[in-house]
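Colleague: here is a sequence together with a model predicted from it:
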Amino acid sequence: MTKHESAHGLTTALARVELFADLDDRELAAVGEVCRREHSPAGAEIVREGDRTGRFYLIHAGEVDVVAGGEVVARLKADDYFGEIAVIDQNERSATIRASTDVELSSLAAFNCRALLREHPEITYKLLLRLCARLRRAEGHAVTS
């Protein structure tokens, strides 16, 4: 796979992430440029519940367990993601994410995200609208548009 094919695959995958769903191709490419590829072996802890790490992860291959309060509460697989709020607010992680198989991921660090948002205010505005819609849904309010 060429670098271009890999970058295109990442932007396509990012477009399926709720937080980035309103971004156009150019904006998705800008997000993809500040992501990095990672590998986690089976059994590795990717993030730990309670930590204040601001990093978003998109799973390309493999599976991870979501562990909250010591219990496995979900399993995520290719095209799933986690940490989309943590990359913005850097608050405590609500769960531990542990690789249940070898996992290939892309990640976006909070400091890279902040720089990206300063450089591309149009992305900032779209993410803000997306987060407002998510908050309204969580509060049980109807969301338009």
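Modeller: That came through, no problem. Predicted model, so just to flag it, every value in this text is computed and none were measured. Numbers count the residues shown, from 1 in each chain.

Colleague: which residues outside stretch 29-41 are in contact with it?
Modeller: 7, 10-11, 14, 20, 23, 46, 57-58, 62, 64, 99, 102-109, 112-113, 115-116, 119-120, 123 (Cβ atoms under 8 Å, 6 or more residues apart in numbering). Yep, even glycine has a C-beta here, placed from its N, CA and C like the rest.

Colleague: sorry, slip of the keys, the one I care about is stretch 100-107.
Modeller: 10, 13, 32, 35-42, 44, 46, 55-65, 75, 83.

Colleague: quick check: the gap between the residue nearest in space to the middle of the chain and Ala110.
Modeller: Central residue of the chain (Cα atoms, centre = their mean): Phe56, 3.6 Å from the mean position. Using Cβ to Cβ, to the nearest Å, Phe56 is found at 8 Å from Ala110.

Colleague: mutual contacts of those two, please.
Modeller: In contact with both Phe56 and Ala110: 86-87, using Cβ under 8 Å, 6+ apart.

Colleague: could you point out which element follows the helix or strand of the chain with the lowest mean pLDDT?
Modeller: When each helix and strand of the chain is scored by mean pLDDT, DSSP states H and E, helix 3-15 comes last, with a mean of 74. Going down the chain from helix 3-15, the next helix or strand is helix 25-33, by DSSP states H and E.

Colleague: and the next element down the chain from that following helix?
Modeller: Next element after helix 25-33 (DSSP H and E): strand 36-40.

Colleague: which residues sit in contact with the nearest residue to Arg136 once chain neighbours are set aside?
Modeller: Leaving aside its sequence neighbours, Arg136 sits nearest to Val143 (Cβ to Cβ, 6 or more residues apart in numbering; 5.0 Å). Applying Cβ under 8 Å, 6+ apart to Val143 gives the contacts 133, 136-137.

Colleague: and those, which of them are in helices?
Modeller: Under the assignment DSSP state H, those contribute 133, 136-137 to helices.
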